[in-house]
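In: here is the input, now give the coordinates:
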Amino acid sequence: MRERLFSVVRPTARRASVAIDLVPVTPMRGGLATLLVPSMDPRAREPWILPWDAPRDVETLDDGAARVCRAALGGRSVPLEQVGAFGDGQRHPGEAEISITFAALVPLGGASVALEIEARWFDVDALPALAPRQQRIVAAALESLRARLDLASVAFRLLPPAFTLTELQAVYELLVGRALHKASFRRTLQAAGVVEPLAEWRSDGRGRPAQLFRRAPVDDRAIRRGVRFELL
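Out: Predicted structure coming up:
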């Protein structure tokens, strides 16, 4: 049975004192996108909202975030990053006093959504109007992901298990908001030991096929440190 978000299906059923707000993030069409769902509350000032729900009595916040994630992404589970708590008095779609926020990292190409409700991916730079707190939540989620970029795992979680170095560089560039020097990028990857080649190649029909890589197991990394790249 598919899990439902009460905030989407029954928006006027009750007021939540604590909400779990989810910011799904994925690379899409050369930018970063987030998933919004339509507000079903006819009194709502904004037609679109972030997926959210109140935590249930028998679950932890992490379990609640995973449940909201599955409901928002049609049953899929993806990596979650806790962003923080917001109790700023700004308006929330559920009038929640406090929001606990998680970012859901959807890999490149994994943005297909099978929901009983209509949901849409929006470019983060062209979002429709959101409730004030949820506007702040989206900005904070993106800032948090970018701040953790040197730890490397964020970029890899936005990619499928096998990827090209061009795809990896494109994801890093989306997160830092700047172009990276190709040769420097690849030298740094090699020095940090964060990727390893696969005996697989992918062709997009143009030029030579590109070799596929995967993230190196943590225990096998030659250098366990942050990854910093030279910007153009």
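
In: what's the domain layout of this protein?
Out: 6-147, 151-220 (automatic domain parsing).

In: check the offset of the longest one from the chain's centre.
Out: The gap between where domain 6-147 is centred and where its chain is centred comes out at 10 Å by CA atoms, centre = their mean, to the nearest Å.

In: again with the shortest one
Out: Relative to the mean C-alpha coordinate of its chain, domain 151-220 is positioned 18 Å out (CA atoms, centre = their mean).

In: quick one: which helix or strand includes the spatially most central residue of the chain?
Out: Computing the C-alpha centroid of the chain and ranking residues by CA atoms, centre = their mean puts V25 first, at 2.6 Å. Using DSSP states H and E, V25 sits within strand 18-28.

In: just the CA trace of that strand, in PDB.
Out: Extracted in PDB, the C-alpha atoms of strand 18-28 (Å, rounded to 0.1, in the frame of the first residue of the first chain):
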ATOM      1  CA  VAL A  18       6.300  19.800  14.400                       C
ATOM      2  CA  ALA A  19       6.700  19.100  10.700                       C
ATOM      3  CA  ILE A  20       9.300  17.100   8.700                       C
ATOM      4  CA  ASP A  21      10.000  19.100   5.500                       C
ATOM      5  CA  LEU A  22      11.700  17.300   2.600                       C
ATOM      6  CA  VAL A  23      13.700  19.000  -0.100                       C
ATOM      7  CA  PRO A  24      14.300  16.500  -2.900                       C
ATOM      8  CA  VAL A  25      17.300  17.600  -5.000                       C
ATOM      9  CA  THR A  26      18.400  16.200  -8.400                       C
ATOM     10  CA  PRO A  27      20.500  17.300 -11.400                       C
ATOM     11  CA  MET A  28      18.200  18.100 -14.300                       C
END
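
In: make 204 the starting number, not 1.
Out: Understood, numbering begins at 204; the last thing we discussed is strand 221-231.

In: quick one: strands adjacent to whatever helix or strand comes next after that strand?
Out: Using DSSP H and E, the helix or strand that follows strand 221-231 in sequence is strand 234-241. Next to strand 234-241 in the sheet, as set by DSSP bridges, lie strand 221-231 (antiparallel), strand 251-252 (antiparallel), strand 323-326 (antiparallel).

In: so for strand 234-241, mean pLDDT?
Out: Averaged across strand 234-241, pLDDT comes to 93.

In: so what touches it?
Out: For strand 234-241, the external contacting residues (CB atoms under 8 Å, 6 or more residues apart in numbering) are 208, 211, 226-230, 250-254, 275-276, 309, 314, 316, 318, 320-328, 330-331, 333, 341, 345, 377-378. The way it works is simple: take the backbone N, C-alpha and C, and place the C-beta from them, glycine included.
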